[in-house]
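Colleague: turn this into a model:
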Amino acid sequence: MGTKVNRKVLKTLAYAATGALGLGAYTYYKSQNSVLQAAPKPANWLTELPSREAQVESLSTTPEFDILIIGGGATGAGCAVDAASRGLKTALVEKYDFSSGTSSRSTKLIHGGVRYLQKAIMQFDIEQYRMVKEALTERANLINIAPHLSYPFPIMLPVYKLWQIPYFWVGIKAYDVVAGRQLLKPSYFISKNTALELFPMLKKESLVGAIVYYDGQHNDARMNISLAMTAARLGANVANHVAVTELVHEEDEKGQKKVIGAKCIDKYTGKEFSVKAKAIINATGPYTDTIRKMDNEKIPNICQPSSGVHIVLPDYYSPQNMGLLDPSTSDGRVIFFLPWQKHTMAGTTDTPCALTDYPTPAEDDVNFIINEIKNYLNNDVQVRRGDILSAWSGIRPLVSDPNKADTQSLARNHIVHVSDSKLITIAGGKWTTYRHMAEETIDAAIEACGLKPKNECITKGLFLEGGHNWTPTSYIRLAQDFGIETEVAIHLSNTYGDQADKVAELSSLTGKRWPVVGVRLHQEFPYIDAEVKYAVKEYARSAVDVIARRTRMSFLNVLAADEALPKIVEIMASELKWSKQKQQEELEHAKEFLKREMGLNLKYQMKTTVPINFSKEEISTYIKRFRSLDKSNKGYITHKDLRAFFKESQEEIPEDELHLLITEVDTNKNGLIELDEFLQLMSALKTGAIGQSRFSKASSIKNKINTTRSGGGV
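Modeller: Numbers count the residues shown, from 1 in each chain. Below is the predicted model:
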């Protein structure tokens, strides 16, 4: 009886305190200060984007820039926006695509870091506190300057022990208070029943309630591209697929070696050229030491790469508008479980790794995430390996500070370092604070290299590409004016902002009564043909640029991305005048990317490593099913066998679909489906190692055999 009374008292106090403090803090800060307001377009804003060819030409022929930025991730693109908006003659080169590295492989959150604040309070650490404060300020700014790409997002912290209610509540309320005038929405405590209403998949046993707080969420790759396009609109010369091969030095009047430029190669055309600049900025993330050693090969490394793996699951694993935070995993890490782009994303891990251009999600990390999220979902939700639609790894650049005597300990925040030859390096930090990092970096470049900007930093409140005239209802005009499906119109509006109409203008006729225009690249996604054409205008030059960053298909469903590739390559070939050989090269490169970096290889590994474990009756049933296809008893199934089977079944199956059916099962890639491959597939389906199989469904037109899988995963 006493326990029940105590529980009621604690919950009542928690409700009351949450309401009072939350409402009080929110009202006070809103009455005292207004949230940052976005600024109008600067006078030098270009109405039309220069072509990539014009950008490369300008890079190679301009006598000297004020600033050359190496690296087109969030930090590098942010530096380009900052420098160009100050009136500095700015150049940026990126060896792959904008956001091709870590910046497109984040947890998609714009956040201050709840766990950092906990450490700051528990350890009386003023540096951690300042880091959280800075991030929360930047969080509000980013949501304001890119409203089409970012938004406040609720995250639930489930509580399973009564004493944790006041503990977590105080911590989350402190997070609200530190946000100050940049508070998105106040946090609040909810009962067990309410928590289960909002997040029905949550584990019910021992749940005593939950705390909901707000951070931001965004489309990270699109945000990065918007930064690069914003820099271009402000007059910066930005070029993707341009690699730096060497830094150029000269001695000044005092005999001191100084970096004055870089030798570059356009990897798309093969053109080699040099870019001269008064200041060179190294914003290459995990490649920080690669560029630093071009400046001075004798210096020690300061970057320690760490792999962060995420997985994507079907949408039914989470509610549409509520995330979940696991504050303490089995090994002490934090894992987020978030709805994103109509799917469910979970991660991340933090594992030391080697630097590579091709980060691959490790099976151990994938299994770790699966096992952890099982702990928070109820028994009705069976978390199955086969439901994983994609998996990727991002390399986080943890850095030590070369400015400090103790260079061994890792910096908790970003570092800006100016070498003896005036190479400015910006490293560390996180997505949320890219703007502040860029401001500090350009300030350092101005001071170290004697640059003369026309004005001070104006990026706080400066709208990014697409945000100026966007409203939450902009999609309605798109649907009305162009005859586009509502789902597609919402996607275009929330991706391109006020530039969505320019995308819609490139759409092809569907040949249907409705929608009038907008041919989908894949029926499961709202991406349309026009986006590929527009991606080319935004400097996309490979199929991977489109499936990974101009759309997010490879991050959401690797099999769907694989299926959409031929159509994407066909459109790009038309736009860029690719030869047949170039088209084939792009297909092969993109498929290798999906296998190695997006988790498609995990599908093949799981399918081939699951032991075949059937009863005699099941074996007999599956062999009969196999022989219904292999009527001549050859021991394998050919393309011709499948064609005859479907013809007999009076099923119309296109040739490309037949090819996909064979590819799905043909693990040894000999163009045939052998009995052991067929049994391996059936076993993988039965155990949940892979998701629902196209081949399994197609081949059971006559022979209905129940499987225990759904989801179509990898």
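Colleague: in the stretch 101-250 of the chain, which spans are strands?
Modeller: With strands called from DSSP state E, counting those that start in this stretch, the stretch 101-250 of the chain shows them at 109-110, 150-159, 188-190, 209-218, 237-239, 242-251.
Colleague: residue 332: which of these is closest?
Modeller: In terms of CB to CB, the element of the strands of the stretch 101-250 of the chain nearest to residue 332 is strand 150-159, at 16.4 Å. Quick note: C-beta positions are derived from backbone N, CA and C, even for glycine.
Colleague: which strands or helices does the closest one pack on?
Modeller: Of the remaining helices and strands, those touching strand 150-159 by 3 or more CB pairs under 8 Å, 6 or more residues apart in numbering; DSSP states H and E are helix 126-145, helix 164-179, helix 192-198, strand 209-218, strand 323-326, strand 335-340.
Colleague: now the second one and strand 150-159, what's the angle there?
Modeller: Helix 164-179 and strand 150-159 meet at an angle of 160 degrees, taking axes from the mean of the first three to the mean of the last three CA atoms, to 10 degrees as the criterion.
Colleague: buried stuff in helix 164-179?
Modeller: Of all the residues in helix 164-179, those buried under the rule 16 or more other CB atoms under 10 Å are 164, 165, 168, 169, 171, 172, 173, 174, 175, 176, 178, 179.
Colleague: farthest pair in those?
Modeller: Maximum pairwise distance in these, criterion CB to CB, is 22.3 Å, between 164 and 179.
Colleague: burial count for residue 638?
Modeller: 16 (other CB atoms under 10 Å).
Colleague: surely it is in contact with residue 672?
Modeller: Yes. The pair residue 638 and residue 672 qualifies as a contact (CB atoms under 8 Å) at a distance of 6.1 Å.
Colleague: mutual contacts of the two, please.
Modeller: Taking CB atoms under 8 Å, 6 or more residues apart in numbering as the contact definition, residue 638 and residue 672 share no neighbouring residue.
Colleague: show me the shaky parts of the stretch 351-500 of the chain.
Modeller: Using pLDDT under 70 as the threshold, the predicted model of the stretch 351-500 of the chain has low-confidence ranges 404-412.
Colleague: show me where it has helices.
Modeller: 363-374, 434-449, 474-482, 486-496, 500-504 (DSSP state H, counting those that start in this stretch).
Colleague: ranges for the strands of the stretch 551-700 of the chain?
Modeller: Counting by DSSP E, counting those that start in this stretch, the stretch 551-700 of the chain has strands at residues 636-637, 673-674.
Colleague: off-centre distance for the first one?
Modeller: Pointing back at strand 636-637 there. On the basis of CA atoms, centre = their mean, to the nearest Å, strand 636-637 is displaced by 40 Å from the centre of the chain it belongs to.
Colleague: partner strands of it, parallel or antiparallel?
Modeller: Strand 636-637 has the following strand partners under DSSP bridges: strand 673-674 (antiparallel).
Colleague: which ones are touching residue 434?
Modeller: Residues near residue 434 by CB under 8 Å, 6+ apart: 74, 75, 77, 78, 138, 227.
Colleague: repeat the analysis, applying 10 Å as the threshold.
Modeller: Applying CB atoms under 10 Å, 6 or more residues apart in numbering, one finds that residue 434 lies in contact with 73-79, 81-82, 103, 138, 142, 223-224, 227, 283, 414, 426, 459.
Colleague: ditto for residue 523
Modeller: Listed by CB under 10 Å, 6+ apart, the contact set of residue 523 reads 560, 563, 564.
Colleague: so residue 288 makes contact with residue 294?
Modeller: No. Counting by CB atoms under 10 Å, no contact exists between residue 288 and residue 294, whose distance comes to 11.2 Å.
Colleague: which stretches in the stretch 401-550 of the chain count as strands?
Modeller: Taking DSSP E, counting those that start in this stretch as the criterion, the stretch 401-550 of the chain carries its strands at 415-418, 423-427.
Colleague: which among these is found nearest to residue 383?
Modeller: Closest of the strands of the stretch 401-550 of the chain to residue 383 is strand 423-427, at 36.4 Å (criterion: CB to CB).
Colleague: and the angle for that closest one with helix 434-449?
Modeller: 160 degrees.
Colleague: got TSV for the strands of the stretch 101-250 of the chain, with distance to residue 602, mean neighbour count and mean pLDDT too?
Modeller: What follows is the strands of the stretch 101-250 of the chain, written out as TSV (distance: least, CB to CB, whole Å; neighbours: other CB atoms under 10 Å; pLDDT from 0 to 100):
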stretch	distance to residue 602	mean neighbour count	mean pLDDT
strand 109-110	24	26	96
strand 150-159	28	21	96
strand 188-190	37	24	97
strand 209-218	26	24	96
strand 237-239	34	27	98
strand 242-251	30	17	96
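Colleague: those: which one's closest to residue 490?
Modeller: strand 150-159 (13.1 Å).
Colleague: just how off-centre is the closest one within its chain?
Modeller: On CA atoms, centre = their mean, the centre of strand 150-159 falls 18 Å from that of its chain.
Colleague: begin at 598 from here
Modeller: All set: I'll call the first residue 598, so the last point we hit is now strand 747-756.
Colleague: then it to PDB, C-alphas only?
Modeller: Extracted in PDB, the C-alpha atoms of strand 747-756 (Å, rounded to 0.1, in the frame of the first residue of the first chain):
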ATOM      1  CA  SER A 747      14.500  20.900 -40.400                       C
ATOM      2  CA  TYR A 748      12.000  21.000 -37.600                       C
ATOM      3  CA  PRO A 749      11.500  20.500 -33.900                       C
ATOM      4  CA  PHE A 750      11.200  16.800 -33.100                       C
ATOM      5  CA  PRO A 751       9.900  15.000 -29.900                       C
ATOM      6  CA  ILE A 752      12.100  12.300 -28.400                       C
ATOM      7  CA  MET A 753      10.800  10.000 -25.600                       C
ATOM      8  CA  LEU A 754      13.000   8.900 -22.700                       C
ATOM      9  CA  PRO A 755      11.100   5.800 -21.200                       C
ATOM     10  CA  VAL A 756      11.500   5.400 -17.500                       C
END
